[in-house]
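J.: Quick one, fold the following:
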Amino acid sequence: MSLSHDSRDKIRPNPLVRNPTTLLIWAIIAMQIVIAIAAFPFMPAVVPVHWGANGQPNGYSSKLLATLLFPGMSIGISVLLPVLMGISPRLGDRSNVVANARVCNMLMAGITLFLLILQLSTTMVALGMNIGIIFVMNLSMAVLFIFLGNYMGKLRRNFWMGIRTPWTIASDVVWERTHRLGGWLMVTVGLLGIPFSFVPQLRIFGMVVLIVLVAIFLYIYSYLCYRQNTLGDREPLASPFDHTNDE
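T.: A predicted model of the protein is given here:
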């Protein structure tokens with residue numbers, strides 16, 4: 001009886017070091033928890049948690065809720081999203097699942113870092129420091145859009161992340177085309193959002209208008225791609241992701 005040399009038959013030990021991106025996510029969450037614990041004794045009983053376009057607070061909460069808000073959001077996203085991705089029906093082969101796991105980690109790292117910046121900003125305001133909270137929020141959101149846009153084109157078809165329209169969910173080709181274009185548009189929105197941050201009249205409404213226009217355009221674009229790919233009298237779109245190099 002010969003021993004098998006197939007690597008699939010071998011038992012690999014669990015790595016001692018986890019994915020570096022996962023470690024980064026939990027390091028950011030640990031920083032959020034430390035900031036929350038350190039700032040809690042010095043925060044007033046009522047804390048501003050929402051601001052209008054003019055930068056004036058228009059929503060308040062207790063300091064306990066304000067302290068737990070951002071670490072709680074980061075923990076919720078970091079725990080819930082991988083679970084949802086793991087239990088959802090698989091669209092495509094195993095390479096899709098592996099690719100999405102990597103992209104999911106990167107997206108969560110960007111989002112948790114964004115939440116850390118918001119936590120620091122709101123904590124500073126609660127402690128009486130004078131900072132331009134709307135400026136910080138708009139600028140950090142613009143940078144987040146640039147970051148997310150760079151990963152949109154690498155995201156494979158799934159039920160929980162990405163530009164999910166009836167037509168992208170139905171077709172790998174439509175999904176890829178829409179996400180590649182969507183990634184470029186998100187980067188463009190972020191690049192425009194950076195100078196908008198320095199113009200008070202454009203800080204909020206400029207970004208909101210751009211985001212809404214991009215969302216509407218991509219919804220229509222995904223439908224047109226689907227129509228082009230399914231009409232019998234036209235050539236189909238180019239083939240989707242090449243899986244030959246994924247293994």
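J.: Mind listing what's buried along whatever helix or strand residue 140 lives in?
T.: Here residue 140 sits within helix 133-152, counting by DSSP states H and E. Buried residues in helix 133-152, counted by 16 or more other CB atoms under 10 Å: 133-134, 136-152. (C-beta placed from N, C-alpha, C; glycine too.)
J.: just stretch 98-110 next, same as before
T.: Buried positions in stretch 98-110, judged by neighbour count with 16+ other CB under 10 Å: 99, 100, 103, 104, 105, 106, 107, 108, 109, 110.
J.: Can I get the helix holding residue 140 in CSV, CA atoms only?
T.: Extracted C-alpha coordinates of helix 133-152, given in CSV (Å, rounded to 0.1, in the frame of the first residue of the first chain):
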residue,chain,number,x,y,z
ILE,A,133,-16.4,67.5,13.0
ILE,A,134,-18.1,67.8,9.6
PHE,A,135,-14.8,68.5,7.9
VAL,A,136,-13.2,65.4,9.5
MET,A,137,-16.2,63.2,8.7
ASN,A,138,-16.4,64.3,5.0
LEU,A,139,-12.7,64.0,4.4
SER,A,140,-12.4,60.6,6.1
MET,A,141,-15.5,59.4,4.1
ALA,A,142,-13.8,60.6,0.8
VAL,A,143,-10.7,58.6,1.6
LEU,A,144,-12.8,55.6,2.5
PHE,A,145,-14.5,55.7,-0.9
ILE,A,146,-11.1,55.8,-2.6
PHE,A,147,-10.1,52.8,-0.6
LEU,A,148,-13.3,50.8,-1.1
GLY,A,149,-13.3,51.6,-4.8
ASN,A,150,-9.9,50.0,-5.3
TYR,A,151,-11.4,46.6,-4.1
MET,A,152,-14.8,46.7,-5.8
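J.: which helices and strands sit right next to it?
T.: Here helix 133-152 touches strand 46-51, helix 94-126, helix 172-196, helix 205-230, going by 3 or more CB pairs under 8 Å, 6 or more residues apart in numbering; DSSP states H and E.
J.: now do 6 Å
T.: Under the contact criterion of 3 or more CB pairs under 6 Å, 6 or more residues apart in numbering; DSSP states H and E, helix 133-152 touches helix 94-126, helix 172-196.
J.: Would you mind giving the orientation angle of it with respect to strand 46-51?
T.: Angle between the axes of helix 133-152 and strand 46-51 is 60 degrees (criterion: axes from the mean of the first three to the mean of the last three CA atoms, to 10 degrees).
J.: now the angle from helix 133-152 to helix 172-196?
T.: Computed by the same axes, to 10 degrees, the angle separating helix 133-152 from helix 172-196 equals 150 degrees.
J.: for the helix or strand following helix 133-152, packing partners?
T.: Note on helix 133-152: by DSSP H and E, the next helix or strand toward the C-terminus is helix 166-170. In terms of contacts (3+ CB pairs under 6 Å, 6+ apart), helix 166-170 is packed against helix 172-196, helix 205-230.
J.: Alpha carbons only: can I get helix 166-170 in PDB?
T.: Output of helix 166-170 as PDB, limited to C-alpha atoms (Å, rounded to 0.1, in the frame of the first residue of the first chain):
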ATOM      1  CA  PRO A 166     -31.200  41.700  -9.700                       C
ATOM      2  CA  TRP A 167     -29.000  41.700 -12.800                       C
ATOM      3  CA  THR A 168     -25.600  41.600 -11.100                       C
ATOM      4  CA  ILE A 169     -26.800  38.700  -8.800                       C
ATOM      5  CA  ALA A 170     -28.000  36.800 -11.900                       C
END
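J.: can you pull the buried residues of it?
T.: 167, 168, 169, 170.
J.: The closest residue to the second one other than its chain neighbours - how many residues pack around it?
T.: So the one you mean is residue 168. Leaving aside its chain neighbours, residue 168 sits nearest to residue 175 (4.4 Å; criterion: CB to CB, 6 or more residues apart in numbering). For residue 175, the neighbour count with other CB atoms under 10 Å is 28.
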